[in-house]
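K.L.:
fold the following for me, if possible:
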Amino acid sequence: MNEEDVLKDMLEDINNIKILRHMEIAKVDYAKNIMRYTEIDKLVVAEYLKKLESLGLLEIYGNTSIKRTSAKLKKSAEVHKHHTYYRITRQGEILLKMVDCRAYLKILGENCLERLYIRLNKPVNLEESDERILHMGLIGRHGELTEIGKNTIKFAKKRGFNP
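P.N.:
Here you go, the predicted structure:
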């Protein structure tokens, strides 16, 4: 899978981005703790971690103990490992920098952009055609635009999108 395909795959599911952003802050962490911070179910987090590891965006942290200097969200100075810890790779950090309005705009179709546009001034009830933009995190559960959704549609308008 090339970098562009990996980015597209990551953008299709907001949970990928949430976990990578968490790992960027935490540096080293394990599934249960990631669940606490991202509010994604623990079993689901474990699946995402395996997927992100297989894509080379995360790696298993191999040291026998975890120090607060490497795990930024640890409360104690040093902890012996009781879980499988992961850390973000350089490739994961680079990919996160590529996540912006331009990246979303590249993969959104005309229909999705129209569904975002109608929400600019007022919330709209969810429809079946909104499934993709909901999963991408561009709209919230109640049909309102998220911050990235607002920025993406504004960027699209600057680029000449006119429904």
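K.L.:
please make it C-alpha for all contacts and neighbour counts, starting now.
P.N.:
Fine.
K.L.:
going along the chain, name the strands of this structure.
P.N.:
In the chain, the strands defined using DSSP state E lie at 28-29, 58-60, 65-67, 78-80, 86-88.
K.L.:
determine the set of other helices and strands touching the shortest one.
P.N.:
With contacts defined as 3 or more CA pairs under 8 Å, 6 or more residues apart in numbering; DSSP states H and E, the packing partners of strand 28-29 are strand 86-88.
K.L.:
note down every partner strand of the strand it packs on and its orientation.
P.N.:
Sheet pairing for strand 86-88, assigned by DSSP bridges, gives strand 28-29 (antiparallel), strand 58-60 (antiparallel).
K.L.:
just name the most buried of those strands.
P.N.:
strand 28-29 (a mean of 25; mean count of other CA atoms under 10 Å).
K.L.:
could you pull out the helices for the chain?
P.N.:
For the chain, applying DSSP state H gives helices covering 3-11, 14-26, 31-38, 42-54, 90-98, 101-107, 110-117, 131-135, 147-158.
K.L.:
with just CA atoms, put the shortest one into PDB.
P.N.:
Listed in PDB are the C-alpha atoms of helix 131-135, where the atom choice follows Å, rounded to 0.1, in the frame of the first residue of the first chain:
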ATOM      1  CA  GLU A 131     -23.000   7.400   6.700                       C
ATOM      2  CA  ARG A 132     -19.600   8.100   5.000                       C
ATOM      3  CA  ILE A 133     -19.100  11.600   6.200                       C
ATOM      4  CA  LEU A 134     -20.300  10.600   9.700                       C
ATOM      5  CA  HIS A 135     -17.800   7.800   9.800                       C
END
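K.L.:
you'd agree Pro123 is up against Glu144?
P.N.:
Yes. Counting by CA atoms under 8 Å, Glu144 is a contact partner of Pro123 at 4.9 Å.
K.L.:
so between the two, which is more surrounded?
P.N.:
Legend: neighbour count by other CA atoms under 10 Å for Pro123 and Glu144, higher for Glu144 (21 against 15).
K.L.:
can you pull the contacts of that one?
P.N.:
119, 122-124 (CA atoms under 8 Å, 6 or more residues apart in numbering).
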